[in-house]
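>>> Generate coordinates for the sequence data below:
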Amino acid sequence: MILIGIVSVQYGAGLADRLFAQVPPAAVTGLRLWTSALAMVAISGRGFTRSVRDLRKRRAVADTAIATSFGISLGVMNFSIYQSFARIPLGVAVTIEFLGPLAVAVAGSRHLRDVGWVVLAAAGVVLLTQGGHGHLNLAGVLFAGLAAACWAAYIVLSSATGRRFPGSAGLAIAMVVSAVIVTPPALIAGGSAIFRPAVLATGAVIGILSSVIPYRLELESLRRIPMRLFGVWMSLEPAVAALIGLAVLGQHLSAIEWLAICCVMVACAGAARSIGRGGDPPEPPDLGGAARPPKPPGPAWGALP
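Prediction:
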C-alpha cells in the first residue's frame, strides 16, 4: 500500500509537469489545491463546520493563527515545488525537498549518528548541484529548497494544529487557506485557459492521485506497520520520482545524480530507523509530500499532503 501511494503521488507530479505545457505551474498548483481542499472538507464533514463556527464564537486568535500559518506553509510548499518541477527534473526536485523533513527528524538529536545522516544528505545535494557549477537551473534548485523549508514548517505547524483541532478539521481549514492564497496567482497565470474542461479534469485527477489515494493508503498502512518501517519505505520517494520522471517525462539523470539521490534516500531511511528506535526527534506529525495533504497529525516520518 505504501509503494502504491508513493507511485500515485509521483505519477500525479508527472501529470502536473506535463500539464505545464497548457497552463503555467501556478495555475496547476491552484487546480491541485482546490481539489485537495474540497476532498479534505468532505472527509472532515461536520467537524470542519463546527470548528470554523467554534473559532468565530471563541474568537480564538491563537488557534486561528496556527491553522492559517499551517495553510500558508502548505500553499507555498506546493507552489514552490511545482515551480521547481517546471525547471529541474522531478527526481532532483523531490530529493532536495526531502531535506526539510530530514532536518526536522534529526533536529535536537543528541546522537552523533544523526549528524552523520545530515552530512550524507548534504553530500548528496552537493553532488546534485556539483557545488553550484552544474547544469541544473538555479531557480529550480532554490524553489525546491524553499519547498523543503516549507515542508519543515508544515510538519511543526501540523503538530500544533493537531493539538488544537479535533480529527482532521484543522487540516481541512489549512487546506482551504492554502487554496485561497494560491487562487490569485493561479488565475493571473492561467487566465481563461484554466477553465477549459480538459485542464479542469486533469487538475482534478492530479489532486486525486496526489492527495486522496495516498492519504487513504498511507493512513491504512500506518495502522498495520511500525512508524520506523513506514519511514524507511517513504525514503523510496526520491527514486520513484526519478523513475516517473524518466518514464513519463523522458527526464534522464546522470550516474552522479543517481548517486546523489541514493545518498539522500539512505540518509532519510537512516534517520527514520533512528527515530523508530527511540531517537530524540521533535514531535512532528506526518511528513507530507509535496503535493498531497496529510492525514491527521501523527509521529515523525508519517505521510504527507
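
>>> residues touching residue 177, list them.
The contact partners of residue 177, by C-beta atoms under 8 Å, 6 or more residues apart in numbering, come to 67-68, 70-72, 74-75. All C-beta spots, glycine's among them, are computed from the backbone N, C-alpha and C.

>>> do that again at 6 Å, thanks
For residue 177, the contacting residues are 68, 71, by C-beta atoms under 6 Å, 6 or more residues apart in numbering.

>>> just how off-centre is whichever strand or helix holds it within its chain?
Take DSSP states H and E as the rule and residue 177 turns out to sit in helix 169-190. Mean C-alpha position of helix 169-190 versus that of the full chain (C-alpha atoms, centre = their mean, to the nearest Å) differs by 15 Å.

>>> Likewise for stretch 48-61?
When distances are taken as C-alpha atoms, centre = their mean, stretch 48-61 is centred 27 Å away from the chain's centroid.

>>> can you check stretch 95-105 too?
Going by C-alpha atoms, centre = their mean, the spacing between the C-alpha centre of stretch 95-105 and its chain's C-alpha centre is 10 Å.

>>> could we number from 33 for the rest of this?
Fine by me, first position is 33 from now on; the one you just mentioned is stretch 127-137.

>>> Now that stretch: average pLDDT?
Computed over stretch 127-137, the mean pLDDT rounds to 84.

>>> what about the helix holding residue 209, average pLDDT?
The predicted model assigns helix 201-222 a mean pLDDT of 91.

>>> what's the answer for stretch 169-179, then?
Averaged across stretch 169-179, pLDDT comes to 93.

>>> if I look at residue 43, how far off is residue 71?
Residue 43 is 17 Å from residue 71, where distance means C-beta to C-beta, to the nearest Å.

>>> And for residue 281?
Applying C-beta to C-beta to residue 281 and residue 71 gives a distance of 25 Å.

>>> How about residue 156?
33 Å.

>>> In terms of neighbours, single out the busier of these two.
Taking neighbours as other C-beta atoms under 10 Å, residue 156 and residue 71 compare with residue 156 leading, 26 against 19.

>>> Spit out the contact partners of the more buried one.
By C-beta under 6 Å, 6+ apart, the contact set of residue 156 is 292, 295-296.

>>> Looking at neighbours, which among those is most surrounded?
Of all the contacts of residue 156, residue 296 has the most neighbours under the rule other C-beta under 10 Å, reaching 28 neighbours.

>>> That one touches residue 152, doesn't it?
No - no contact is recorded between residue 296 and residue 152 when judged using C-beta atoms under 6 Å, the distance being 7.8 Å.

>>> Against the centre of the chain, work out the most remote residue.
residue 89 (32.3 Å; C-alpha atoms, centre = their mean).

>>> unless I'm mixing things up, residue 105 is touching residue 184, no?
No - counting by C-beta under 6 Å, residue 105 stays clear of residue 184, with 8.8 Å between them.
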